[in-house]
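Engineer: Quick one, fold the following:
(one chain, ligands or ions: 2)
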Amino acid sequence: MPAQKTSITFCSLLSPYRARIAAVLFLMLSANLLALVLPWAIKIIIDDILTGKDADSLNLMMPALVAILGLRSVFGFLRAYLSGSTGERIVCDLRQEICDHIPRLSLTSINKISPAQILTRITQDVNSLRRFLFGDAVEFIYAFLNIGFIAAILSFVNVKLTVLSLSALPLFAVIYFLLIPELKNRHSRLRDMHGVLSSRFSEVLNGIRMVRSFAGNARERQLFETKQRDILSVATRTHYLHSWLWVGIEFFTSLGIIGILWIGGSDVMAGRMTAGELVAFYTYLGMLFSPVIRMVVINASYQEALAALNRINDVMNIDDEVPEAEHSAGPGKIEGRVEFKKVSFHYTAGDPVLKDIHFAAESGETIGIVGASGAGKTTLVSLLLRFFDPDEGEILIDGKKLKDLGLDAYRRQIAVVLQDDFLFSGTVEDNIKYGKPQASREDIVQAARIAQAHPFISELADGYKTEVGERGFNLSCGQRQRIAIARAVIKNPSLLILDEATSSVDALTENDIQRSIRRFMKGKTVFLVAHRFSTVMESDKILVLDKGRIVEAGGHNYLLNKRGFYSSLYLEQFKDEDRASLSQRQ
Ligand SMILES: Nc1ncnc2c1ncn2[C@@H]1O[C@H](COP(=O)(O)OP(=O)(O)O)[C@@H](O)[C@H]1O
Ligand SMILES: [Mg+2]
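Structural biologist: Ligands and ions are numbered 1, 2, ... in the order given. This is a model prediction of the structure:
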């Protein structure tokens, strides 16, 4: 079983920054206490200084107030800066953790998540987490403290008015329970709809040639229009609810304030309260309402962050199904002896893709693998690369179990070229160097020559410095395949796997590639997977795969004379080629 990854939690994200978070809380608390001074100063001015016409006290008090409020600003600045920068660091950590994990994503499960969805995790979900942890959660603590302090001061000023004001709180609860769940619901629907839209966007972008060749513009346009209309209707309705929420909160807040002025005003006239106390009470109350509103929002934000965290963990928990051996022995220099011992494998239970695969390849041999498409050729080499482990049987490399070898050290010594191999955006040179980052110009050119890529690369406008797109869009398939071969060859591997790697190259060039590779890989092991028989004809041993089984094995002449599966497929293909060349001549 793969090692269980521990999930990311709010705690695991925050704990490296405990000291900073403590500092943020301290600064917040201090700024908070200092802010509470102002309404009380107003009370003193109205009740004592103005009535007593005490100019000296006023002149004394103002600089003190400036100092206090200045200090509050300093604390406020430090808090905002520290919490903002800590938030960024946490987001960076998290993104790094996700990025580190992506190359380890299980290859069977990766097909179930679209790249667009993974991108959403890295961008949107990570940002929702930051918004919650360093926006709303901080505000919440701030609000919580404020409510406590202010409620204490309010009841010190006037208990009756305090009770009255706090009795308005249930109104907030009503708004909260009516509107917020519905809003939350709509927000998550909107997010899903946006996800679907961007997935389609990226598919259309990737398949732009297909869309265009099928004259699919109108169809795509229509599809987008329908999806956009749906999004618009949900979004509009969400804004409608949202507007009601804020208007409602504002209205009830105003009602409360009017009530306070009314009752408080009567109390002042009756001499039960001073005018300064009423003003102070009113100001403190204003300071109370905004935290209450923030507390209303916190739950929605918390739920959103929790959902984001779960989605991120969904990706983080899809771990590579190939566990690193506990006491992996570095393979040392690989000689290239490969043995498959009764290997069986399935992707989905009950549907075996490889059955009883049993063969041995001596180092220095070239092993050809042929078979109809879907026969299991790519799966066989995937097992050799240890992308997956067999369900039954054993794979031995130089007599050692593949499972026990250090994965990275092993993969560094083997090289593979797949049929539709991937080129990174960058120059031709960068792409070839991916196989050996410290390669010199001579190494690169030599590898390109072996792959028969040098002639066409030299003819490109910028030669080896030509930029190729993410998918090598400005190159033909055959050219891309040759760059991929150069990238594999430059590794100087002990074991080379070419999985239909020359399928898009013309037959003459393919022959040249074969010849130069044979020369280069002398004494090392090569696996040649091909659909075309001409590709494998000269292999030392050919494995003929049919529906996941090796049905025949041996050299070309032996298999041909055997007049079995191989020879019938061979003659079939030969006939096709004959017919093709005949029709070309006509
Ligand atoms: N990642 C995968 N998940 C599930 N089934 C797969 C996967 N890759 C290949 N298969 C299935 O395994 C069978 C063999 O595929 P493959 O090894 O790619 O054949 P070949 O390379 O000979 O064309 C096919 O039936 C294919 O549908
Ligand atoms: Mg294949």
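Engineer: The residue nearest to residue 16 when sequence neighbours are not counted is in what secondary structure piece?
Structural biologist: Using C-beta to C-beta, 6 or more residues apart in numbering and skipping the chain neighbours, the partner closest in space to residue 16 is residue 93 (7.3 Å). Every residue, glycine included, has its C-beta placed from N, CA and C. In this structure, residue 93 sits in helix 55-101 according to DSSP states H and E.
Engineer: And the following helix or strand past that helix, how far out from the chain middle?
Structural biologist: Sequence order places helix 115-120 as the next helix or strand after helix 55-101, per DSSP H and E. Relative to its chain's centre, helix 115-120 lies at 6 Å (C-alpha atoms, centre = their mean, to the nearest Å).
Engineer: contacts for helix 115-120?
Structural biologist: Applying C-beta atoms under 8 Å, 6 or more residues apart in numbering, the contact partners of helix 115-120 are 102, 195, 198, 199, 201, 202, 311, 315.
Engineer: Can you flag the buried ones in these?
Structural biologist: Buried by 16 or more other C-beta atoms under 10 Å: 195, 198, 199, 311, 315, out of these.
Engineer: Tell me which residue in the stretch 201-350 of the chain sits closest to ligand 1.
Structural biologist: Going by C-beta to the nearest ligand atom, ligand 1 is nearest to residue 347 of the stretch 201-350 of the chain, at 3.3 Å.
Engineer: Name the spans of the stretch 301-450 of the chain whose pLDDT lies under the cut-off.
Structural biologist: Counting by pLDDT under 70, the stretch 301-450 of the chain has low-confidence residues at 327-330.
Engineer: How about the residues of it by ligand 2?
Structural biologist: 377, 378 (C-beta under 5 Å from the ion).
Engineer: What residues does the stretch 301-450 of the chain have near ligand 1?
Structural biologist: Residues of the stretch 301-450 of the chain lying close to ligand 1 by C-beta under 6 Å from any ligand atom are 347, 353, 371, 373, 374, 375, 376, 377, 378, 379.
Engineer: and these, which of them are in helices?
Structural biologist: If you go by DSSP state H, those have 377, 378, 379 in helices.
Engineer: Name the nearest of these relative to residue 423.
Structural biologist: Of all those, residue 423 sits closest to residue 378, with 19.1 Å by C-beta to C-beta.
Engineer: Quick one: residues contacting the nearest residue to that closest one once chain neighbours are set aside.
Structural biologist: Nearest residue to residue 378, sequence neighbours excluded (C-beta to C-beta, 6+ apart): residue 499, at 5.7 Å. Residue 499 makes contact with 377, 378, 381, 416, 417, 418, 419, 527, 529, according to C-beta under 8 Å, 6+ apart.
Engineer: Correct me if wrong: the second one contacts residue 530.
Structural biologist: Translated: residue 378. No - applying C-beta atoms under 8 Å as the test, residue 378 and residue 530 come out as separate, 11.7 Å apart.
Engineer: Of the two, which one has the most company?
Structural biologist: Counted by other C-beta atoms under 10 Å, residue 378 and residue 530 do not tie: residue 530 has more neighbours, with 24 against 17.
Engineer: Pretty sure that one sits against residue 505.
Structural biologist: No - the pair residue 530 / residue 505 is not scored as a contact, 11.4 Å apart, by C-beta under 8 Å.
Engineer: Any chance of JSON lines for the buried ones among the contacts of helix 115-120, columns secondary structure and distance to residue 437?
Structural biologist: Output for the buried ones among the contacts of helix 115-120, formatted as JSON lines (DSSP: H, G, I helix; E, B strand; the rest coil; distance: C-beta to C-beta, whole Å):
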{"residue": "195", "secondary structure": "helix", "distance to residue 437": "36"}
{"residue": "198", "secondary structure": "helix", "distance to residue 437": "33"}
{"residue": "199", "secondary structure": "helix", "distance to residue 437": "34"}
{"residue": "311", "secondary structure": "helix", "distance to residue 437": "34"}
{"residue": "315", "secondary structure": "helix", "distance to residue 437": "28"}
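Engineer: For residue 70, grab the count of nearby residues.
Structural biologist: Residue 70 has 11 neighbouring residues, counting by other C-beta under 10 Å.
Engineer: In the chain, mark out all the strands, start to finish.
Structural biologist: Using DSSP state E, the strands assigned to the chain run over residues 338-348, 351-361, 366-371, 392-397, 400-401, 414-417, 426-427, 467-468, 495-499, 525-530, 541-546, 549-554.
Engineer: Residue 303 is nearest to which of the ones you listed?
Structural biologist: Nearest of the strands of the chain to residue 303, taken as C-beta to C-beta: strand 338-348 at 35.3 Å.
Engineer: Which positions within the closest one qualify as buried?
Structural biologist: Applying 16+ other C-beta under 10 Å to strand 338-348 flags 338, 339, 340, 341, 343, 344, 345, 346 as buried.
Engineer: want to throw these into CSV with distance to residue 216?
Structural biologist: Formatted as CSV, the buried residues of strand 338-348 follow (distance: C-beta to C-beta, whole Å):
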residue, distance to residue 216
338, 45
339, 49
340, 44
341, 49
343, 43
344, 42
345, 37
346, 36
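Engineer: Show me what from the stretch 101-250 of the chain comes close to ligand 1.
Structural biologist: residue 108.
Engineer: Run through the stretch 101-250 of the chain and note the low-pLDDT ranges.
Structural biologist: 111.
Engineer: Which residue lies nearest the spatial centre of the protein?
Structural biologist: residue 118 (3.7 Å; C-alpha atoms, centre = their mean).
Engineer: picking up where we left off before, would you reformat the buried ones among the contacts of helix 115-120 as a markdown table and include distance to residue 127?
Structural biologist: As requested, these are exported to a markdown table (distance: C-beta to C-beta, whole Å):
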| residue | distance to residue 127 |
| --- | --- |
| 195 | 15 |
| 198 | 15 |
| 199 | 19 |
| 311 | 13 |
| 315 | 16 |
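Engineer: For ligand 2, state which of those residues is nearest.
Structural biologist: For the buried ones among the contacts of helix 115-120, the closest approach to ligand 2 (C-beta to the ion) belongs to residue 199, at 26.0 Å.
Engineer: And the spatially closest residue to the closest one that is not a sequence neighbour, how far from residue 198?
Structural biologist: The shortest distance from residue 199 to any non-neighbouring residue, by C-beta to C-beta, 6+ apart, is to residue 116 (4.3 Å). According to C-beta to C-beta, to the nearest Å, residue 116 stands 5 Å off from residue 198.
Engineer: same question, residue 406
Structural biologist: Counting by C-beta to C-beta, the gap from residue 406 to residue 198 is 39 Å.
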